[in-house]
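Engineer: Here is a sequence together with a model predicted from it:
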Amino acid sequence: MSINHIKPEIACERLIRKLREKGIKNEKVLQAFRSVPRHLFVDGAMYAQAYDDNALPIGTGQTISQPFVVALMTELLDLGKDDKILEIGTGSGFQSAILAQFSRRVYTIERHRDLAEAARKRLREQGYANVVIKVGDGSNGWPQFGPFDRIIVTAGAPVTPATLQTQLAVGGLMVVPTGDRQKQELLVYKKTPQGFETHSAGSVVFVPLVGQHGWK
């Protein structure tokens, strides 16, 4: 049954049960999904599918990520209360809104101006004053506001951009899909005084990270 026939709150609880079944354990992450109405971040034609656990198109060849992947990446960031976050790939703004539940400030970069403007409008209408959006090449990061405690990349890079590694604070975490255009490994970096500790959190599929330090 779609949310055309049931209340979004009920559809959201069904989605949260699915996220639990798939292994999401962080209650703060699950609560963030209750706080951010996903149906307000999709086009009207996609409304009925807003709480399915699927990626959905948002225009210009981009997607709003699968809820499980959003939850997984958020959980992997192990967010603290006052973390300063950099997001690469604003898209619909849904992931930004999830991150904003945890952070004093979310900096997010989107290369498509129309998507950035739509996300800015949605976030403003929903009262998110702690999300700052820039139109630009996300592979360059946002060095004037670095270093960041957490960095999340919501597009697939051929290799992890060194620019983003440089902008991660010591002790910070970065989650970035890396691989070819069809499939990537979700890599988690922890920056230490000596360098980086890295592990894979599994396979994912993202649209390509296009930019100077991404796909050309």
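Structural biologist: Cool, the structure landed. Numbering: from 1, shown residues only.

Engineer: Could you report the separation of Ala48 from Ile64?
Structural biologist: 14 Å (C-beta to C-beta, to the nearest Å). C-beta: built from backbone N, CA, C; applies to glycine.

Engineer: neighbour-wise, which of those two wins?
Structural biologist: More crowded of Ala48 and Ile64, by other C-beta atoms under 10 Å: Ile64, with 23 against 16.

Engineer: Surely that one and His39 touch.
Structural biologist: No. At 10.8 Å, Ile64 and His39 do not qualify as touching, with contact defined as C-beta atoms under 8 Å.

Engineer: buried ones in the helix or strand that contains Gly202?
Structural biologist: Per DSSP states H and E: Gly202 is located in strand 195-204. Neighbour-count burial for strand 195-204 flags Val204 (criterion: 16 or more other C-beta atoms under 10 Å).

Engineer: distance between the ends of stretch 124-138?
Structural biologist: Stretch 124-138 has an end-to-end distance of 22 Å (criterion: C-alpha to C-alpha, to the nearest Å).

Engineer: Quick one: mean pLDDT over it.
Structural biologist: Stretch 124-138 shows a mean pLDDT of 96.

Engineer: do the same with stretch 156-173
Structural biologist: Rounded mean pLDDT across stretch 156-173 is 98.

Engineer: residues of it that come out buried?
Structural biologist: Applying 16+ other C-beta under 10 Å to stretch 156-173 flags Gly156, Ala157, Pro158, Thr160, Pro161, Thr163, Leu164, Gln165, Gln167, Leu168, Gly172, Leu173 as buried.

Engineer: CA atoms only for it, dumped as PDB, please.
Structural biologist: Presented in PDB, the C-alpha positions along stretch 156-173 are these (Å, rounded to 0.1, in the frame of the first residue of the first chain):
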ATOM      1  CA  GLY A 156      30.900   7.600  -6.800                       C
ATOM      2  CA  ALA A 157      34.600   8.700  -7.300                       C
ATOM      3  CA  PRO A 158      37.200   6.900  -9.400                       C
ATOM      4  CA  VAL A 159      39.600   7.400  -6.400                       C
ATOM      5  CA  THR A 160      39.200   9.200  -3.100                       C
ATOM      6  CA  PRO A 161      40.000  12.900  -3.800                       C
ATOM      7  CA  ALA A 162      43.200  14.000  -2.000                       C
ATOM      8  CA  THR A 163      41.600  17.400  -1.700                       C
ATOM      9  CA  LEU A 164      38.900  16.000   0.600                       C
ATOM     10  CA  GLN A 165      41.500  14.000   2.600                       C
ATOM     11  CA  THR A 166      43.400  17.200   3.300                       C
ATOM     12  CA  GLN A 167      40.200  18.900   4.500                       C
ATOM     13  CA  LEU A 168      39.400  16.200   7.100                       C
ATOM     14  CA  ALA A 169      40.300  17.000  10.600                       C
ATOM     15  CA  VAL A 170      42.600  14.700  12.600                       C
ATOM     16  CA  GLY A 171      40.300  12.300  14.400                       C
ATOM     17  CA  GLY A 172      37.600  12.900  11.700                       C
ATOM     18  CA  LEU A 173      35.700  10.400   9.600                       C
END
